[in-house]
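[1] Sequence and predicted model, in that order:
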Amino acid sequence: MRKYVLKRLLISAILLFFVSMIIYAIMRSIPTSYVEAQARMLSMRPGAKSYTDWLKQLQEAYGLDVGIVPGFFKWLSNAIRGNFGDSWAFNVPVTQKFASVIWDSFILGSIAFVLQVIVAIPLGILAARKQYSRADYTITVVALLGISLPTFFFATILKLIFSVWLGWFDLYGKVGRNYMQLDAFGQFFDVARHFVLPIMTLTIIGIGSLMRYTRTNMLEVLNSDFIRTARAKGLSEKRVINFHAFRNTLIPIVTILGGSLPGLFAGALITETLFQIPGIGYTAYTAMVSGDIPFTMFYMVFMAVLTLLGTLIADILYAVVDPRVRIS
């Protein structure tokens, strides 16, 4: 196991290197950027230098005056030391801005992830146990709606019903207008109220694929010979389902859950933008729109690290959930 983990870490480091290079090349190839916008704005001031002079000066200041490959290795040498530069859009160090917005995304992602697991896996098992019943058809329809509906459409429907028609929640934002006049408990409740609709959106959109995946794999396991043998021995249906069948369904489920790790920290860009929750997803969207290369680079590399880490964790958990899996 130790050799396997070290080998996977080495492969992940190589993959991360090339992914970072591709991301940097794409960012440098974007037609417009913050630097060009700044040079254009500065050149319009009375008595200012020309746009070309300002652009040249700013490119030299931000290290954009060299080619993509030398620029990437310059960025990489700083990144290894933990220096990702200053955000052009927010005028603070990238890591400082990241630390200030990551926890809102983590709270949203974690709660939605737990709710997805609690709701989707039992419903998927129920649909498999009662195949072709009303419960199965109902669960299948709900799953297909979760898979098919775009996030922005579903979020808009929730805002229309619960914010416009019923008036239970605000349309957007993390806090209300009277937040500063509330006590500690009131402030906590105010933030919690603003998080309800984003969490509902993330949960319902996310349960569809996990529910369908659980149902499909549970049906395959329930038709196996060892399940028929367990039933023939007189074991209760509850023990057959929860002990024998579910354990053999865990491997494909672990694959999905491991791939969900980036979503816990990387934020939900569309959902946070629609509800204007100042998490990492909404902040990254703002940075991308403004051409903020340092913050966008950090965000994209952070996503790549989480994806590789989630895949590694899923592979390690295979041996935990299934004793048949052995790594030599």
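    Right, received. Where do you want to start?
[2] C-alpha only now, for contacts and for neighbours.
    OK.
[3] CA atoms of stretch 195-207 as PDB?
    Once non-C-alpha atoms are left out, stretch 195-207 reads as follows in PDB (Å, rounded to 0.1, in the frame of the first residue of the first chain):
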ATOM      1  CA  PHE A 195     -27.800  29.500   2.800                       C
ATOM      2  CA  VAL A 196     -31.000  27.500   2.700                       C
ATOM      3  CA  LEU A 197     -31.800  28.000  -1.000                       C
ATOM      4  CA  PRO A 198     -28.200  27.500  -2.300                       C
ATOM      5  CA  ILE A 199     -28.000  24.200  -0.300                       C
ATOM      6  CA  MET A 200     -31.400  23.100  -1.600                       C
ATOM      7  CA  THR A 201     -30.200  23.800  -5.200                       C
ATOM      8  CA  LEU A 202     -26.900  21.900  -4.700                       C
ATOM      9  CA  THR A 203     -28.600  19.000  -3.000                       C
ATOM     10  CA  ILE A 204     -31.400  18.400  -5.500                       C
ATOM     11  CA  ILE A 205     -29.200  18.900  -8.500                       C
ATOM     12  CA  GLY A 206     -26.600  16.500  -7.000                       C
ATOM     13  CA  ILE A 207     -28.800  13.600  -5.800                       C
END
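[4] oh, and call the first residue 19 from now on, that's how I've got it
    Okay, residue one is now 19; in that scheme the one you just asked about reads as stretch 213-225.
[5] tell me which residues in that stretch are buried?
    Residues of stretch 213-225 classed as buried: 213, 215-225 (neighbour count, 16 or more other Cα atoms under 10 Å).
[6] Nearest residue to Ala322 in space, please, no chain neighbours.
    Leaving aside its chain neighbours, Ala322 sits nearest to Leu34 (6.9 Å; criterion: Cα to Cα, 6 or more residues apart in numbering).
[7] could the buried residues of stretch 213-225 be laid out in CSV, adding distance to Arg26 and secondary structure?
    As requested, the buried residues of stretch 213-225 are exported to CSV (distance: Cα to Cα, whole Å; DSSP: H, G, I helix; E, B strand; the rest coil):
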residue, distance to Arg26, secondary structure
Phe213, 37, helix
Leu215, 39, helix
Pro216, 35, helix
Ile217, 34, helix
Met218, 36, helix
Thr219, 35, helix
Leu220, 31, helix
Thr221, 31, helix
Ile222, 34, helix
Ile223, 32, helix
Gly224, 28, helix
Ile225, 30, helix
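[8] ok now the strand or helix carrying Pro140, how far from the chain's centre?
    Assigned by DSSP states H and E, Pro140 falls within helix 112-147. Mean-position distance between helix 112-147 and its chain equals 9 Å (Cα atoms, centre = their mean, to the nearest Å).
[9] Pull the residues that contact the following helix or strand past that helix.
    Counting by DSSP H and E, the next helix or strand C-terminal to helix 112-147 is helix 152-166. Contact with helix 152-166 is made by 141-142, 144-146, 148, 222-227, 229-230, as judged by Cα atoms under 8 Å, 6 or more residues apart in numbering.
[10] for stretch 243-258, same thing?
    239-240, 262-263.
[11] Dump these into CSV; add secondary structure as well.
    Listed next are the contacts of stretch 243-258 as CSV, based on DSSP: H, G, I helix; E, B strand; the rest coil:
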residue, secondary structure
Val239, helix
Leu240, helix
His262, helix
Ala263, helix
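[12] Make a markdown table from those residues and add neighbour count to it.
    Shown next, in a markdown table, are those (neighbours: other Cα atoms under 10 Å):
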| residue | neighbour count |
| --- | --- |
| Val239 | 20 |
| Leu240 | 20 |
| His262 | 16 |
| Ala263 | 24 |
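[13] Of those, which one scores lowest on pLDDT?
    Within the contacts of stretch 243-258, the minimum per-residue pLDDT falls on His262 (78).
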